[in-house]
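In: Everything below, folded, please.
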Amino acid sequence: MKIALGFLALFLLSGCKSKCDEGCLIVNGEKLPFGDAETLLLQCDNFRTSTLSFDAINLSFNEISKRTNNAPNAPLMSVHMDYVFISESPLVFDRKTKNNFLKHNEIRQACLQLRRDFYGDRYWVN
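Out: A predicted model of the protein is given here:
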């Protein structure tokens, strides 16, 4: 019986896709599946190219909510959500710094590094 269950488990696992079937990008030692890496790259690009990115860091969520009337598609809210997504990612920057100018620059640098890594082949694994 145990052997049959073992074969069944092996059969089921062999049919399951691995998170890294399409490749994983190593970001700060963490494997990000292709789709997650691509999403993070898009969030970074939105953040980097927005003129509101510093405001997204500098303002509280309550202030952003007031300014955007809680509209999720408002540019400031959208950039703020990109910032939140980036903050929860494995990108390397000082999240605890009180200096928002420094944090803004570090996030932009981390995003540029992600872009280089994403389009290179050095940090991709299967």
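In: How about Ser65: what's its closest non-neighbour residue?
Out: Nearest in space to Ser65, with sequence neighbours left out and distances taken as Cβ to Cβ, 6 or more residues apart in numbering, is Met77 at 7.7 Å. All C-beta spots, glycine's among them, are computed from the backbone N, C-alpha and C.
In: for Arg115, same thing?
Out: Arg115 sits nearest to Leu41 (Cβ to Cβ, 6+ apart), 6.4 Å away.
In: Just the buried residues of the helix or strand where that neighbour lies, please?
Out: Assigned by DSSP states H and E, Leu41 belongs to helix 34-49. Within helix 34-49, the residues scored as buried using 16 or more other Cβ atoms under 10 Å are 34, 36-37, 40-41, 43-44, 46-48.
In: now do stretch 20-39
Out: For stretch 20-39, by 16+ other Cβ under 10 Å, it's 24-25, 27, 31-34, 36-37.
In: Reformat these into TSV and put distance to Leu112 and pLDDT next to each item.
Out: Output for those, formatted as TSV (distance: Cβ to Cβ, whole Å; pLDDT from 0 to 100):
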residue	distance to Leu112	pLDDT
Cys24	20	93
Leu25	15	94
Val27	13	94
Lys31	21	94
Leu32	17	95
Pro33	22	95
Phe34	20	94
Asp36	19	95
Ala37	15	96
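In: elements contacting the helix holding Leu41?
Out: The helices and strands touching helix 34-49, judged by 3 or more Cβ pairs under 8 Å, 6 or more residues apart in numbering; DSSP states H and E, are strand 24-27, helix 75-87, helix 100-119.
In: ok, 10 Å please
Out: For helix 34-49, the elements it packs on are strand 24-27, strand 30-33, helix 53-58, helix 75-87, helix 100-119, judged by 3 or more Cβ pairs under 10 Å, 6 or more residues apart in numbering; DSSP states H and E.
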